[in-house]
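J.: Structure for the following, please:
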Amino acid sequence: MRQMQAWTLTTAAVLNVFVLLSGFVTVDVLRSQPPMADAYPATLAKDTPDAASSDAAPVDPNQLADKLDDPMSDIELGEGLTGYVADAASGESLFDKNGGEGVTPASTTKLVTAVAALRSLGPDEHLHTRVVRSGDTLTLVGGGDPTLSSTGPGGYPSLASMTELAQRTADSLDGSGTDTVTLAYDDSLYSGPPLAPSWKPNYVTGGSVAPVHALMVNEGYGDDGYPVDDPPRQAAEEFARQLEDAGVDVSGDPSSEKAPEDAERVARVASPEISALVEKMLLESNNNIAEALVRHVARSEGESPSFGGGSTAISGVMSDLDVSGVDVADGSGLSVDNNISPEALVDVLAAALDSQNPELQTVPSSLPTAHFTGTLDGRYAPDSPTEEGAGVVRAKTGTLSEVSALAGTINDADGRLLLFAFIANDPLASGSRLDRLASAVATCGCS
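T.: Purely as a prediction, here's the structure:
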């Protein structure tokens, strides 16, 4: 087993927790409506002890094991359960149930995607959607921003607006002598198939993910809340309507064409910063953002922007961070071919908390907070067996058929910051069972 290094913690990364007061509940393979920007203020769900404080006594591994013994027996997951808990300040392994074993991690894969994106691209980078011109032909060029919105940029994060792009285009054309344009669209930034071979067909038909394209609007969803068959064409048709509304006459239907290399730049809009996309991805377990980010990581690392190229690029970034035990087939965690150990997820979290990696601070601050935000909103309810974890457990969830996962941070009863990952590959796997384990860790005054 790989010996974990001691980490210097960035306390701000632990304290900076955002609470989504408007409320939403999303799961990893279910989607009910088109994605929209969410407006919410920043606040603390619950007072948080100083993660780096030396006043909190170290945890006794034997006491922690005893604390977990009863809930592990109650949830009846047996050998289907793997888990790993470590001390955030020292890196000491505190609990290990086959923690080095690679298993199907579901959407906890997004922790890997998040760290890789922030490491490779940087937290301040943007993704751009452009319009270029050659003669009387405008070409809408996809830049791999899945959050491009057909409406205004309001809310948080402030999404790139197709309405604004159309108006900027109209302003640029004003006075040029061009009365009518034809519209083309360029979706060539990515390569390879838009769907992973290991994805189940109902992932798309059920609305969990859209076909992966570099050009899409509203994440490739239609008004009914489900993915459209051809996201690039949908985006182009929407842009044509927006151009008409902005006073530009568009002749005919949009055509799929690669933009000429010598085309004149007309207008562009920028996505939120990568850090904001990562936050949205982790809070919502947003599969479309995850698949976009992994392709941008691939491009940044010199690989093809495809499922295969993303896998190779992720491996390289993990190696750079000295994290082993990660083998991914996609960025979202929908693939059952993903293979990650609980210990590797803890190592990824440790890297994100390390003050030597300030670009990764978005990850711990964006984890859903038990009972308050994101995919943990609605769990750890009052008067439930897991209520003690509310506001204390901060974790990425993962859900597939016969797979449940939970990985994140916990401040125990003594105020000690612990890193954990529990994954169940079992017919009985459920989030509520893993919540029992996380709550047990949270109530442990195990020094």
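J.: pLDDT averaged over stretch 417-429 - what is it?
T.: The average pLDDT within stretch 417-429 is 95.
J.: correction: stretch 227-242
T.: 98.
J.: any idea how far the residue positioned nearest the centre of the chain lies from residue 413?
T.: Nearest to the geometric centre of the chain sits residue 281, at 2.9 Å (Cα atoms, centre = their mean). Residue 281 sits at a distance of 31 Å from residue 413 (criterion: Cβ to Cβ, to the nearest Å). The way it works is simple: take the backbone N, C-alpha and C, and place the C-beta from them, glycine included.
J.: do residue 113 as well
T.: Look at residue 113 and residue 413: by Cβ to Cβ, they are 32 Å apart.
J.: So which of those two has more stuff around it?
T.: Using other Cβ atoms under 10 Å as the criterion, residue 113 and residue 413 rank with residue 113 on top: 28 against 16.
J.: remind me which residues of this protein are low pLDDT?
T.: Segments of the chain classed as low confidence (criterion: pLDDT under 70) are 1-55, 153-154.
J.: can you give me the helices for it?
T.: With DSSP state H as the criterion, the chain has helices at 11-15, 61-75, 109-121, 162-173, 202-205, 231-245, 274-284, 287-300, 307-320, 342-353, 362-365, 431-442.
J.: Distance to residue 150 for the ones you listed - can I get that in a markdown table?
T.: Output for the helices of the chain, formatted as a markdown table (distance: least, Cβ to Cβ, whole Å):
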| stretch | distance to residue 150 |
| --- | --- |
| helix 11-15 | 34 |
| helix 61-75 | 44 |
| helix 109-121 | 25 |
| helix 162-173 | 5 |
| helix 202-205 | 20 |
| helix 231-245 | 5 |
| helix 274-284 | 17 |
| helix 287-300 | 15 |
| helix 307-320 | 27 |
| helix 342-353 | 33 |
| helix 362-365 | 27 |
| helix 431-442 | 33 |
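J.: Residue 216: which of those helices is closest?
T.: helix 231-245 (3.8 Å; Cβ to Cβ).
J.: Go through the closest one and flag the buried ones.
T.: By neighbour count with 16 or more other Cβ atoms under 10 Å, helix 231-245 contains the buried residues 231-240, 242-243.
J.: cool, and stretch 219-227?
T.: Quick answer for stretch 219-227 (16+ other Cβ under 10 Å): 219-221, 226-227.
J.: So for that stretch, first residue to last residue, what's the gap.
T.: 8 Å (Cα to Cα, to the nearest Å).
J.: Break this structure down into its domains, please.
T.: For the chain, the structural domains run 11-122+276-442, 128-272, going by automatic domain parsing.
J.: Return the most buried member of these.
T.: Highest mean neighbour count among the domains of the chain (mean count of other Cβ atoms under 10 Å): domain 11-122+276-442, with a mean of 21.
J.: How far away from the center of its chain is that one?
T.: Domain 11-122+276-442 sits 10 Å away from the centroid of its parent chain (Cα atoms, centre = their mean, to the nearest Å).
J.: Residue 412 contacts residue 418, correct?
T.: Yes. Under the criterion of Cβ atoms under 8 Å, residue 412 makes contact with residue 418 at 5.9 Å.
J.: out of the buried residues of stretch 219-227, who's nearest residue 138?
T.: Nearest to residue 138 among the buried residues of stretch 219-227, counting by Cβ to Cβ, is residue 220 at 21.6 Å.
J.: Skip the chain neighbours and tell me the closest residue to the residue nearest to the centre of the chain.
T.: In this structure, residue 281 finds its nearest non-sequential neighbour in residue 289, 4.2 Å apart by Cβ to Cβ, 6 or more residues apart in numbering.
J.: cool, residue 255 as well?
T.: Leaving aside its sequence neighbours, residue 255 sits nearest to residue 184 (Cβ to Cβ, 6+ apart; 5.1 Å).
J.: Show me the beta-bridge partners of that neighbour.
T.: residue 139, residue 255 (DSSP bridges).
J.: Please report the distance of it from residue 316.
T.: Here residue 184 is placed at a distance of 35 Å from residue 316 (Cβ to Cβ).
J.: for residue 197, same thing?
T.: Applying Cβ to Cβ to residue 197 and residue 316 gives a distance of 22 Å.
J.: How about residue 110?
T.: On the measure of Cβ to Cβ, residue 110 and residue 316 end up 18 Å apart.
J.: before we move on, what about residue 397?
T.: Separation of residue 397 from residue 316 (Cβ to Cβ): 27 Å.
J.: Could you do residue 152 as well?
T.: Distance, residue 152 to residue 316, using Cβ to Cβ: 38 Å.
J.: Check residue 395 too.
T.: According to Cβ to Cβ, residue 395 and residue 316 sit 26 Å apart.
J.: who's in contact with the closest residue to residue 220 other than its chain neighbours?
T.: Among residues not flanking residue 220 along the chain, residue 210 sits closest, at 3.1 Å (Cβ to Cβ, 6+ apart). Contacts for residue 210 (Cβ atoms under 8 Å, 6 or more residues apart in numbering) come out as 146, 204, 216, 219-221, 227-228, 231, 288.
J.: Out of the residues you listed, which is nearest to residue 402?
T.: For the contacts of residue 210, the closest approach to residue 402 (Cβ to Cβ) belongs to residue 204, at 20.3 Å.
J.: measure residue 175 to residue 263 for me?
T.: Applying Cβ to Cβ, the value for residue 175 to residue 263 is 20 Å.
J.: Could you check how far stretch 253-268 is from the centre of its chain?
T.: Here the centre of stretch 253-268 is set off from its chain's centre by 30 Å, with Cα atoms, centre = their mean.
J.: As PDB, could you dump the C-alpha coordinates of that stretch?
T.: Extracted in PDB, the C-alpha atoms of stretch 253-268 (Å, rounded to 0.1, in the frame of the first residue of the first chain):
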ATOM      1  CA  ASP A 253     -30.800  26.600 -42.600                       C
ATOM      2  CA  PRO A 254     -27.500  26.400 -40.700                       C
ATOM      3  CA  SER A 255     -25.000  24.000 -42.200                       C
ATOM      4  CA  SER A 256     -22.200  22.000 -40.500                       C
ATOM      5  CA  GLU A 257     -18.900  23.200 -41.800                       C
ATOM      6  CA  LYS A 258     -15.400  23.700 -40.400                       C
ATOM      7  CA  ALA A 259     -14.600  27.400 -40.000                       C
ATOM      8  CA  PRO A 260     -12.000  28.600 -42.600                       C
ATOM      9  CA  GLU A 261      -8.600  29.200 -41.100                       C
ATOM     10  CA  ASP A 262      -8.500  32.700 -42.400                       C
ATOM     11  CA  ALA A 263     -11.900  33.700 -41.200                       C
ATOM     12  CA  GLU A 264     -12.300  37.100 -39.600                       C
ATOM     13  CA  ARG A 265     -13.200  37.100 -35.900                       C
ATOM     14  CA  VAL A 266     -16.600  38.700 -35.300                       C
ATOM     15  CA  ALA A 267     -17.600  38.100 -31.600                       C
ATOM     16  CA  ARG A 268     -17.200  35.700 -28.700                       C
END
